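[1] have a look; sequence and predicted model below, questions after that.
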Amino acid sequence: MISARSHLPLLSGSKILLLCFLVFSFGCKTTKRSSTSSSTRSSKTTKKNSTTKKTNPHVEEIQWTIIDPEEKPPIGAPTIIKTKKQGAYSVSMLIPFDGEKAGSAELTSKSSPAYKFLCYYAGAKMASEDRPTASSVDVNVFDSKSMSLSSILNDGRLQASDVIIGPYDTEELKQVAEFAKENAITHISPWKSSKSIAASNPYHVQTRPSLLQHYEKMVESAVKSFPGSKLFVVGKSSSSDKKRMDYIGRLASAMGRDDITKYTVNEDSLRIGETAFDSIFVQGKTNVFMVPNWSSNDEGFIYGCVRRLRVEKGDAKVVVFGMPKMMDTEKITYDFYNNLNIHIVRSEFMDKASQKAKNMRSRFFNEFNAFPTEDLYEGYDLMTFVLNNLDDYGQNFHTKVGADRNAYIQTSYDLVGVPKSPGEPSNKPDMIKYYENRSLSVIEFRNGRFQKK
């Protein structure tokens with residue numbers, strides 16, 4: 001069972017302060033919450049030597065823990081990853097709630113980071129309620145925005161963890177990854193993927209596929225799905241975009257297409273020019289355009305390319321491949337998706353018309369009188385993934401999971417060890433940089449809605 005504090009107060013305008021079931025008081029920063037339903041293990045060593053098992057077969061408690069920093073005990077680097085089933089586990093989540101802003105308008109704004117992370121937490125909590133476990137599991141939640149990282153790292157509950165999730169901040173993420181390595185704890189980064197976070201850390205897991213994996217999936221799908229097509233990769237005149245286009249050209253070449261055209265778009269032509277693509281369309285062939293721009297800063301460029309392609313293509317048959325931003329932006333409407341046969345590479349996708357999606361939205365709205373962001377489903381899937389594999393494999397399950405195709409709401413997992421050097425084997429801990437999720441899907445707009453290809 002999961003214990004929860006009472007509801008937070010209503011906001012003006014009859015809006016509920018989101019996720020009023022949160023199990024902590026935002027203003028409480030110097031006390032820790034006691035519990036009679038879970039045992040506190042003060043260190044990793046104590047936990048591993050303990051034979052005591054909890055009797056509750058469900059996740060027992062999601063609790064808010066804040067204490068004063070304590071002296072960090074000496075620790076040593078691991079030499080081998082061991083998987084052990086012990087029957088009782090502890091999971092720690094480091095989420096940047098920024099509890100000091102509770103009650104402010106930011107917490108009720110659907111576009112704010114605070115709202116998104118609260119929805120993520122809500123999903124994790126729902127998963128812990130829904131997923132019965134053979135083992136007992138404690139889930140401890142820390143506000144990594146309001147608390148100092150040192151106080152979290154010195155917390156006995158974190159040190160006793162079998163799994164640590166987060167935090168979001170890149171520099172703090174690196175420190176937690178190193179802490180997890182030294183303590184042989186599985187560390188999951190659900191929001192950030194970068195080869196610079198962990199250089200040699202077989203305990204670090206990135207569940208969001210990297211940008212390079214997105215590019216590889218995009219080129220692979222374009223080449224295999226449209227043989228004989230005219231391939232283009234487009235970008236700005238910046239050095240970063242040119243490097244990106246060169247990389248995609250090399251990927252296409254490795255897949256047997258040496259004829260890809262790299263087309264640099266004049267950004268002024270997207271706004272005021274009569275044409276931006278200079279009638280490059282080939283009649284009688286499918287023209288496949290890959291727009292690999294990724295970040296929010298490129299949203300205007302992505303929209304400009306899609307708009308000009310739609311206007312200029314005439315009768316030419318066009319297919320457009322893009323990154324998640326092409327689907328997430330509000331600037332591109334269904335008319336664009338349909339007219340340009342847009343394909344999106346994504347690590348997470350949920351058919352919003354599915355019964356699962358409808359049930360989750362209804363459940364969230366009925367309980368909190370608010371509409372969730374997709375972070376709700378992300379949090380739900382990740383916690384379900386963790387609970388599933390703690391049951392199946394125990395500690396350091398990430399070394400055993402591989403492809404996990406369970407019925408998650410919007411995410412699938414395929415964990416692969418990234419070797420320190422290309423071509424090296426990745427079956428030994430000392431040869432692995434980190435683990436990453438390589439499960440990606442291509443989504444296409446078909447019959448009036450997005451569907452997996």
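    Structure received. Residues are numbered from 1 along each chain as shown.
[2] which ones are touching residue 96?
    113, 117, 143, 144, 145, 167, 168, 169 (CB atoms under 8 Å, 6 or more residues apart in numbering). For every residue, glycine as well, the C-beta is placed using N, CA and C.
[3] for the residue nearest to it when sequence neighbours are not counted, give its distance to residue 115.
    Closest residue in space to residue 96, ignoring its immediate chain neighbours: residue 145 at 3.7 Å, by CB to CB, 6 or more residues apart in numbering. Distance from residue 145 to residue 115, counting by CB to CB, to the nearest Å: 14 Å.
[4] try residue 180
    On the measure of CB to CB, residue 180 and residue 115 end up 28 Å apart.
[5] before we move on, what about residue 124?
    15 Å.
[6] so where's the stretch 151-300 of the chain shaky on pLDDT?
    Judged against pLDDT under 70, the stretch 151-300 of the chain has no low-scoring part.
[7] tell me the SS of residue 251?
    Recorded secondary structure, residue 251: helix (DSSP: H, G, I helix; E, B strand; the rest coil).
[8] contacting residues for it?
    Contact partners of residue 251, counting by CB under 8 Å, 6+ apart, are 215, 216, 219.
[9] what sits closest to residue 237 if chain neighbours are left out?
    Nearest one to residue 237, counting by CB to CB, 6+ apart, is residue 264 at 5.3 Å.
[10] what residues does stretch 167-187 touch?
    Against stretch 167-187 from outside (CB under 8 Å, 6+ apart): 44, 75-78, 81-82, 94-96, 117, 144, 149, 153, 159, 161-164, 166, 189, 191-192, 194, 197-198, 201-205, 395-398.
[11] more neighbours: which of residue 124 and residue 115?
    residue 124 (29 against 20; other CB atoms under 10 Å).
[12] any idea where the helices of the stretch 101-250 of the chain begin and end?
    113-130, 149-153, 156-159, 170-183, 211-225, 239-254 (DSSP state H, counting those that start in this stretch).
[13] mind exporting the C-alpha coordinates of the longest one to CSV?
    Taking C-alpha atoms only, helix 113-130 is exported to CSV below (Å, rounded to 0.1, in the frame of the first residue of the first chain):
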residue,chain,number,x,y,z
PRO,A,113,8.5,22.2,-16.0
ALA,A,114,6.9,21.9,-12.6
TYR,A,115,3.6,20.6,-14.1
LYS,A,116,5.4,18.1,-16.3
PHE,A,117,7.4,16.6,-13.4
LEU,A,118,4.4,16.4,-11.2
CYS,A,119,2.6,14.5,-14.0
TYR,A,120,5.7,12.2,-14.2
TYR,A,121,5.5,11.5,-10.5
ALA,A,122,1.8,10.8,-10.8
GLY,A,123,2.4,8.2,-13.4
ALA,A,124,5.1,6.5,-11.3
LYS,A,125,2.8,6.5,-8.3
MET,A,126,-0.1,5.0,-10.4
ALA,A,127,2.3,2.3,-11.7
SER,A,128,3.3,1.4,-8.1
GLU,A,129,-0.3,1.0,-7.2
ASP,A,130,-1.2,-1.1,-10.3
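[14] re earlier: wait, which of the contacts of residue 251 is closest to residue 136?
    Relative to residue 136, the closest of those is residue 216; by CB to CB it sits at 40.5 Å.
[15] how much space between the closest one and residue 252?
    Counting by CB to CB - residue 216 and residue 252 are separated by 10 Å.
[16] could you do residue 227 as well?
    13 Å.
[17] what about the two, which has more around it?
    Neighbour totals were compared for residue 227 and residue 252, and residue 252 leads with 20 against 9 (other CB under 10 Å).
[18] check contacts around that one.
    Going by CB under 8 Å, 6+ apart, residue 252 touches 219, 222, 223, 231, 233, 258, 260.
[19] 6 Å instead?
    Listed by CB atoms under 6 Å, 6 or more residues apart in numbering, the contact partners of residue 252 are 219, 260.
[20] count the neighbours of the residue nearest to residue 96 for me.
    Residues near residue 145, counting by other CB under 10 Å: 20.
[21] do residue 182 as well
    By other CB under 10 Å, 15 other residues sit near residue 182.
[22] give me the residue ranges of the stretch 351-453 of the chain where confidence is low.
    For the stretch 351-453 of the chain, applying pLDDT under 70 flags the ranges 422-429.
[23] can you pull out the helices in it?
    Here the stretch 351-453 of the chain has its helices, by DSSP H, counting those that start in this stretch, at 355-368, 375-393.
[24] of the ones you listed, flag the one that's most buried.
    Stretch with highest mean neighbour count among the helices of the stretch 351-453 of the chain: helix 375-393 (a mean of 23; mean count of other CB atoms under 10 Å).
[25] now that helix - C-alpha only, CSV.
    Presented in CSV, the C-alpha positions along helix 375-393 are these (Å, rounded to 0.1, in the frame of the first residue of the first chain):
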residue,chain,number,x,y,z
ASP,A,375,4.9,12.8,-18.8
LEU,A,376,2.2,10.9,-16.9
TYR,A,377,2.7,7.9,-19.3
GLU,A,378,6.5,8.2,-19.2
GLY,A,379,6.5,8.0,-15.4
TYR,A,380,4.1,5.1,-15.4
ASP,A,381,6.1,3.1,-18.0
LEU,A,382,9.4,3.6,-16.3
MET,A,383,8.2,2.6,-12.8
THR,A,384,6.5,-0.4,-14.3
PHE,A,385,9.7,-1.3,-16.1
VAL,A,386,11.7,-1.1,-12.9
LEU,A,387,9.3,-3.1,-10.9
ASN,A,388,8.9,-5.8,-13.6
ASN,A,389,12.7,-6.3,-13.8
LEU,A,390,13.4,-6.1,-10.1
ASP,A,391,11.0,-9.0,-9.8
ASP,A,392,12.5,-10.9,-12.8
TYR,A,393,16.2,-10.3,-12.3
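[26] could you check the angle it makes with helix 355-368?
    Counting by axes from the mean of the first three to the mean of the last three CA atoms, to 10 degrees, helix 375-393 lies at 110 degrees to helix 355-368.
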